[in-house]
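[1] pasted the sequence and its predicted model underneath.
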2 protein chains.
Amino acid sequence: MKYRRHGGRQSRRALRSGNLAPMLPQLTRTLPLLEPLDGDQIEKIDHASMNILEEVGVVFRDPVALRDWQQAGARVEGERVKFDRFQIRELIQSIPSRLTFLARNPQNNVTLGGPHSIFVPMTGAPYLRDLEDIRRYPTLDDLANFHKLSHMLPALHSSAHHIVEPMDHPVPHRHLRITYSSMKYSDKTFMGMTTSGKNGEDVMQMCEILFGRETMENHPVTTGNINGNSPLVWDATMLGALRAFVKRKQPVLCSPFVLGGANTPASTIPAVVQLNAEALSALAYTQVIRKGAPAIYGHYLSTVSMQSGAPMAGTPEISLMNFIIGQLARYYDVPWRTSNTLGGAKTFDAQAGYESATTLMAVLLSGAHYIWHSAGWNEAGMHCSMAKFVVDAEQCAMGYRMAEGPRWDDFDEALAAVRDIGPGGHYLGHQHTQDNFQRAFFMPKLFDNNSIEQWMAEGSKDITKRALDYAKQLLSEYQEPHLDPATDEALRDFIARREIEIPADGGLNEHC
Amino acid sequence: MKYRRHGGRQSRRALRSGNLAPMLPQLTRTLPLLEPLDGDQIEKIDHASMNILEEVGVVFRDPVALRDWQQAGARVEGERVKFDRFQIRELIQSIPSRLTFLARNPQNNVTLGGPHSIFVPMTGAPYLRDLEDIRRYPTLDDLANFHKLSHMLPALHSSAHHIVEPMDHPVPHRHLRITYSSMKYSDKTFMGMTTSGKNGEDVMQMCEILFGRETMENHPVTTGNINGNSPLVWDATMLGALRAFVKRKQPVLCSPFVLGGANTPASTIPAVVQLNAEALSALAYTQVIRKGAPAIYGHYLSTVSMQSGAPMAGTPEISLMNFIIGQLARYYDVPWRTSNTLGGAKTFDAQAGYESATTLMAVLLSGAHYIWHSAGWNEAGMHCSMAKFVVDAEQCAMGYRMAEGPRWDDFDEALAAVRDIGPGGHYLGHQHTQDNFQRAFFMPKLFDNNSIEQWMAEGSKDITKRALDYAKQLLSEYQEPHLDPATDEALRDFIARREIEIPADGGLNEHC
C-alpha cells in the first residue's frame, strides 16, 4: 500500500492554528453504556445501602445539620442520623435529573444529565510541573495559566477552580483570588470553592456580582464539591459549604471519598454499597435544605494497595465501580460526577498514559455527566502537569468523538466510492475522501505518528516536550475574553473588602 | 484518612517473587459487551458487504484459488471472483464458533470463542528496544528472550512467532528457527509462520513432529495469519499459506489490512463494510479448501492521518470499528481476532500508554477472542519494546480482571464488616479485609503508586526503567519447560535438512 508521508510541515502548521477552535458543546452520547448489573442486582445494592442508612446510620459532625435532620423527622442519636428509606427516596425525588450551567458567555452554557456530559479539569494540586516540566509550588500566575488553557482547549467545558493551589497567597484569602481567576481568564463555567461555609458564601456573593441574584435562583452558574469522610461521616466544614451553595440553588457534588479497602470493605460491590449510602444521605440533605435544588451524585474513587497503603488508579475494580455507580445514579435518576485521568505516576511517563486512558474509557462508557479531573492530574493529585493537561484535553476530545457514536450520514456515497475504486485501487485521490477526510478520522495533534526518521529530524521530542511546546504556544496566543469593566471592578472591590475583613493569618478560625 | 505507607520493601519483595504465577486460563468474560448498532444496522452492513461481494467481487491473485472458486461455482472473471451471498453464508456456516488450542503443556490449552478470549504478543517487529532501551536489529537470541517472557507472563496465552525478526539468520531459513524458538522456550500455544505456502508447509511438518498428525486432525495446535491486500485483494503468497494450514485443519486469521482512508473509504462504517466483505471472502475460501476447518475473522485496523499519511492508533474511530466488527463476527457466529496495544510512539512515553490502554479497553469491550499484538508493540510495529512488553502483559492481566466482571461471593460478609466498622472507623485491621485483600483489588507491580519521596529514594525510576529491571529479573529466573529429547532432536533434524534443501540466498524463489 503506497500513501504519502509528508507530515512534518503540515502537522506543524495544524499545531499552530489548532488553538482557535471554539468549545465543543456538551457531549451528547449515542454510544450505549456498559451496564454490568441487571435490575435485580441494582435493587440488591439499593436494598443493602438502605439497610445501612436505616440501621447503621450516618454521622453528621455538625450541629446545624443534626437540627435540620431532626426537624425533617429523621432519628438523630448523638451525631448519628438514621433514615427511613422512604424518606430518602422521597427527598431525592425532587433533585432535577438534568441541569444547565449558565456561563458568562452564553455560547458556553452546558447541559448535563441524560446523554449529556461535560469535562472539567483537575483541581487541588499543591504542586505543578510547569512549562519546563519542573516540579514546584504553584502561584496565582500559574493558576491563571491553567485557567487560560482551560479557556482555549475545546473539549474542556469548565475552568474549574483551584487547578493548582496558589501558594503565594494567604490561605484565608485564596478562595477569593481563585474564584476571580476562574471568572476572569475564561468565560466557560467554573467551580466554586467549598473550603468552609463562609468561603462558600463569599463565592456565592461573587457569583451574584457576575450573574445577578435572580439569575442564580433559576440557573446553576457554578458547582461546589462536598467531600464525605468515609465510612459514613460528613464533616461540619463541608456541610457548611453545602448549605451556602444549596440555599442559592447552586449544585453541589455529594462525593464520598473512597480509598477502597482502607475506608470501605475490601470488595468491589460492597464498597459501592457503602459509597451509595453515603452519597444518598448527602443528596437527601440538599433537599432538606432546599427542595428542588440541583445536586449531583458524586464520589472520589481509588483502591488502596494492600502492599504499600498507596491509593491506586486505572485498576480494574475502579472501572467496574464506575460502571456500577452509573447504573445506580440512573436508577435514582440523578446526574452524577466521576473522576477522570487519575493516576499515581511521578512524571508524565507511560504509567500516566495507561492510567489516564483506562480511566477515560471507563468513565465514558459508564455515562458519567460531570467528568471532573479531566486534565492534568498526576502523582495521585499531588501535582498538575502542564504537559499532561493539554494531552488529557485532547484525549477528552477523542473520547468525546467515540462517545458520540458512529455516523451514517455518508453511508451511500462512501459505498459508491468502493465501487469506483474497486479491488487494488486507492482512495486518497477520490472525491469522497477529499470531501470527508477532515472529519472522517480524528487526527490527534499531540501524538506523533510519523516515521522515526522524521521524528528524529524534528528533534526526537517525546510527548512531554511536544505538549509543553503546544502549551507555550497556546499561552502566547491567548486572548482574554471580554469582561464588563464595571463587573470586574465590583469583583475586585468585593475581594479587597473581604481581604481586609478576613485576617490573613487567622482565617482558619473562620472556616466553618 | 490515615493509612500506612510503607511500600518500598514489600513491593520489591512482591516484584521478586511475582514471576512464578502460572498462566491465567483463557479469559471468560461476564462483563457485557459494547454494541453500538441495533439488529437492523447490522443487517444493513451485512447487506452492503454482500452487495460488494456479488457486484464488485474480490481479486484472488492466485491461479490455484481461482480454479478452486470456479469449481466451487463462483463467477470468475479474470482474477476477479464474484460470489452469491447465499453461497458465502452457506460456506461460513461450517466454521466452528469455538475452538481449543492444544499446547504442548496441556495445562496451557486455551479455548476461544463465545465468552472466551486469549492474549497473544505482538509479532513482526524489524527492530527492538532491548533490555537497555536501545533500538537495534534483533537476533535469534532476542527472539528467544521474548519467547521466554511470553512463557513467564501469566496473562499471555501464546508465545506467538516472530515477535521480532531475527535479522542474524537468512530470510529463507527464518521460519524454521522462529518456529523452533516458539516451541522450545515456551510450552504455551504459538503462531505459525505464513510467509509462503512452502514455509507454511514446513511449519505444519514441525507441528506434526511436536503433536502428531492425527492430533492435528482433531485439534488446532497453532494459528496462521493471512493478510488481505485491501481493497478487495488476496495475494498468492498468503493464499498458499492459507491452504497449507487449512488442509491440516489448522486455523487461520483472515485479516484484511485496513489503513482507513487510504485503502478504505474515509468513513467509519463504510470502511467496516469493505473490511467485512474482504474477511468473509477469505473465511468462505477456507471452507472451500476444507469444510469444517476452524477459521477466525480477522483484521488489522488503523486510520490514516490525512495530514501526514501516517497510520494512527488509539483513535476513536478504531474503537468504534472494533465494537462494530465484534457485532458482525457474532452475527456470523465465527470467532474473531483483533489487534491490541497498537501505537505510533517512538519511545515508551505517555503516548504509548494512552494508545495502548485505549485500545485494550476497546478490544475487551468489543468481545474479541484472539487478541493479538497484546504486548510490546510500539512505533507502528517497527519495534518491539522489552519494557513495554512486560507492562502491556500486566495491563492485559488488569483488563482480564475487569472483563471477568464484578464478584458477589463475599457480599454478605463484606456488608457485615460495614456494620462492624461503623461511621468513622477503618477497615485495614478487619478480618474481612485481611482475608480478602490479596484478591480484592488488583495491585499492579509496574505502576509506582508510592509517595514522590519514596520514589526518589528508590532512584526516581520511570516506568521504562522499572519495567526493564523486571524483564531482566524474569529472564534471570527463567526455567526452560521440559521438551522430550527425541522430539527436540527430530525438530532439529528437520530444520537441518530443510536448511540444506532451501538455498539461504535464493529462498525468495520458493515463496509461493
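    Thanks, I have the structure now.

[2] what is the burial count for A:Leu140?
    A count of nearby residues for A:Leu140, using other CB atoms under 10 Å in any protein chain shown, gives 17. Yep, even glycine has a C-beta here, placed from its N, CA and C like the rest.

[3] with A:Gln434 instead?
    13.

[4] who are the contact partners of the residue in the stretch 101-250 of chain A that chain B sits nearest to?
    Taking CB to the nearest CB as the measure, the stretch 101-250 of chain A has A:Leu232 as its residue closest to chain B, at 3.7 Å. Residues near A:Leu232 by CB atoms under 8 Å, 6 or more residues apart in numbering or on different chains: A:52, A:56-59, A:274, A:277-278, A:281, B:422-424.

[5] how about a cut-off of 10 Å?
    Going by CB atoms under 10 Å, 6 or more residues apart in numbering or on different chains, A:Leu232 touches A:52-53, A:56-59, A:80-81, A:256, A:263, A:274, A:277-278, A:281, B:418, B:421-425.

[6] now go through these and say which are in helices.
    Residues of the contacts of A:Leu232 located in helices (DSSP state H): A:274, A:277-278, A:281, B:418, B:421.

[7] on that earlier part again, give me the buried entries from the contacts of A:Leu232.
    A:52-53, A:56-59, A:80-81, A:256, A:263, A:274, A:277-278, A:281, B:418, B:421, B:423, B:425 (16 or more other CB atoms under 10 Å in any protein chain shown).

[8] would you state the strands of the stretch 351-500 of chain A in chain order?
    In the stretch 351-500 of chain A, the strands defined using DSSP state E, counting those that start in this stretch lie at A:370-372, A:377-378, A:383-385.

[9] quick one: contacts for A:Thr194?
    A:Thr194 touches A:161, A:175, A:200, A:203, A:223-227, A:237-238, A:240-242, A:244-245, A:252-253, counting by CB under 10 Å, 6+ apart.

[10] same check on A:Leu140?
    So A:Leu140 contacts A:164, A:166-169, A:174, A:177-178, A:180-181 (CB under 10 Å, 6+ apart).

[11] any idea how far B:Ala293 is from it?
    70 Å (CB to CB, to the nearest Å).

[12] just want the most central residue of chain A.
    The centre of chain A sits closest to A:Trp372, judged by CA atoms, centre = their mean, with a distance of 1.2 Å.

[13] how far away is that residue from A:Ala380?
    Per CB to CB, A:Trp372 is found 15 Å from A:Ala380.

[14] ok, now A:Thr359?
    From A:Thr359 across to A:Ala380, the span is 13 Å (CB to CB).

[15] more neighbours: which of these two?
    A:Thr359 (29 against 20).

[16] tell me, what's the model's pLDDT at that one?
    In this prediction, A:Thr359 carries a pLDDT score of 98.

[17] likewise A:Gly309?
    Predicted confidence (pLDDT) at A:Gly309: the value is 86.

[18] now swap in the one 3 residues further on and tell me
    According to the model's per-residue confidence, A:Met312 sits at a pLDDT of 94.

[19] Provide a list of residues in contact with it.
    A:259-261, A:302-305, A:318, A:342-344, A:355, A:380, B:441-444, B:447, B:449.

[20] next up, phi/psi of it, please.
    phi -120, psi 160 (degrees, to the nearest 10).

[21] that's a strand at A:Ala155, yeah?
    No - note on A:Ala155: no strand contains this position according to DSSP: H, G, I helix; E, B strand; the rest coil, which reports coil.

[22] which of the strands of the stretch 351-500 of chain A sits closest to chain B?
    Closest among those, using CB to the nearest CB: strand A:383-385, at 8.4 Å.

[23] who's in contact with that closest one?
    With contact meaning CB under 10 Å, 6+ apart, strand A:383-385 is reached by A:121-130, A:133, A:135-136, A:138, A:142-143, A:146, A:162-165, A:345-348, A:352, A:373, A:375-379, A:391-392, A:464, A:467-468, A:471, B:350, B:452.

[24] list only those of these flagged as buried.
    A:121-125, A:127-130, A:135, A:138, A:142-143, A:146, A:162-165, A:345-348, A:352, A:373, A:375-379, A:391-392, A:464, A:467-468, A:471, B:350, B:452.

[25] give me the pLDDT for A:Val304.
    We have a pLDDT of 93 for A:Val304.

[26] now the helices for the stretch 301-450 of chain A?
    A:316-332, A:350-366, A:386-404, A:411-421, A:431-440 (DSSP state H, counting those that start in this stretch).

[27] closest one to chain B among the ones you listed?
    helix A:350-366 (2.2 Å).

[28] on that earlier part again, give me the common contacts of A:Thr359 and A:Ala380.
    With CB under 10 Å, 6+ apart, A:Thr359 and A:Ala380 have common neighbours A:313, A:342-343.

[29] so where do the strands sit in the stretch 201-350 of chain A?
    Along the stretch 201-350 of chain A, counting by DSSP E, counting those that start in this stretch, strands occupy A:222-227, A:233-235, A:252-255, A:257-260, A:295-297, A:300-304, A:311-312, A:337-339.

[30] got CSV for these, with distance to A:Ala155 too?
    Output for those, formatted as CSV (distance: least, CB to CB, whole Å):
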stretch, distance to A:Ala155
strand A:222-227, 18
strand A:233-235, 33
strand A:252-255, 20
strand A:257-260, 26
strand A:295-297, 20
strand A:300-304, 22
strand A:311-312, 26
strand A:337-339, 16
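
[31] right, I'll leave it there.
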